[in-house]
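J.: Kindly generate the corresponding structure for this input.
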Amino acid sequence: MGCRSRRARRCSRASPHVWTDSHCHVGPDAVGPARAAGVARLIVIGTDAEQSAAAIDVARAFDGVWATVGLHPHDASQGVDSVLGLLSSRGPEVVGVGECGLDYHYDHSPRPVQRAAFASQIELARSLDLALVIHTREAWDDTFDVLQSSGVPSRTVFHCFTGGPDEARRALDLGATLSFSGIVTFPSAGEVRSACAMCPLDRLLVETDSPYLAPVPHRGKPNTPALVPVVGAAVAAARGCPVSEVEEATWANAARLFGLPPQGGEG
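T.: Below you'll find the model as predicted:
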């Protein structure tokens with residue numbers, strides 16, 4: 001299950017690796033294999049009250065793991081009030097609001113409800129000085145409109161970035177960071193790779209979005225944070241730079257975006 005408590009601190013400090021999975025949906029069983037693969041830090045993401053509470057539990061059990069609290073657009077009909085208690089009672093393990101945003105592909109919640117929930121969570125991120133974690137699918141224009149009308153938090157990330165250079169430029173112009181997932185390895189994802197290539201190195205993160213979107217050559221299997229180095233290598237290939245450059249930059253960028261210690265793994 002991985003290192004716990006004080007033992008976890010020793011393990012994370014001893015690791016020579018500096019990969020961070022900036023976005024995953026996992027339980028405690030994923031932490032040990034991630035560390036064995038050189039992934040020293042995880043951000044476990046909340047999508048509703050139940051999953052946010054579970055993310056907090058994992059973060060409290062393991063050093064080097066943090067959590068976010070949020071309401072996914074699929075679940076926007078539950079109301080943002082459903083997660084407010086977790087934010088008001090949060091400890092230092094909670095480093096972000098989200099994932100939140102707009103998903104017009106599935107429309108599991110009505111679009112006006114999605115937009116209202118997104119705007120409310122933007123305001124929460126700003127007022128609580130937490131990172132904002134954005135999910136957007138087939139809703140770029142409305143996502144940018146809600147962000148601009150609500151006021152973009154100083155620390156904002158577009159998770160699992162799926163746009164091309166045009167969407168990347170719009171997000172970067174707002175001051176946001178772009179996080180790239182295993183999609184960057186997909187043969188059909190040329191536009192995503194182009195966006196990755198033009199993203200400034202200091203505005204770049206890597207993630208798995210586990211258990212979804214396993215990178216090539218692991219398609220068809222459940223994704224895990226242990227595969228972050230595969231994503232990182234694909235990002236480096238798209239940018240034409242050494243893997244170590246992506247590894248070191250994304251470690252520092254995650255620390256800045258989520259307010260993590262710049263060295264080591266203590267939470």
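
J.: if you go through the stretch 151-267 of the chain in chain order, where are the strands?
T.: 156-158, 177-180, 204-206 (DSSP state E, counting those that start in this stretch).

J.: among the ones you listed, which is nearest W19?
T.: Across the strands of the stretch 151-267 of the chain, W19 has its closest neighbour in strand 204-206 (7.4 Å, CB to CB). To be clear about C-beta, it is placed using only N, CA and C from the backbone, and glycine gets the same treatment.

J.: what residues are up against L87?
T.: The contact partners of L87, by CB atoms under 8 Å, 6 or more residues apart in numbering, come to V69, V94, V97, L124, L128.

J.: burial count for the last one?
T.: By other CB atoms under 10 Å, 16 other residues sit near L128.

J.: What separation do you get for the closest residue to it other than its chain neighbours and V26?
T.: Nearest non-adjacent residue to L128, counting by CB to CB, 6 or more residues apart in numbering: L87, 6.5 Å away. Using CB to CB, to the nearest Å, L87 is found at 21 Å from V26.

J.: same question, D173
T.: Distance from D173 to V26, by CB to CB: 33 Å.

J.: and what of N223?
T.: Counting by CB to CB - N223 and V26 are separated by 9 Å.

J.: what does L147 give?
T.: 28 Å.

J.: Same check on L201?
T.: L201 is 27 Å from V26, by CB to CB.

J.: and what of A176?
T.: Taking CB to CB, one finds A176 at 24 Å from V26.

J.: again with S120
T.: Going from S120 to V26 by CB to CB gives 26 Å.

J.: Just want to know which of these two has more residues nearby.
T.: V26 (24 against 18).

J.: Now do the nearest residue to that one once chain neighbours are set aside: how many residues are near it, please.
T.: Using CB to CB, 6+ apart and skipping the chain neighbours, the partner closest in space to V26 is S210 (5.2 Å). Neighbour count of S210, defined by other CB under 10 Å: 26.
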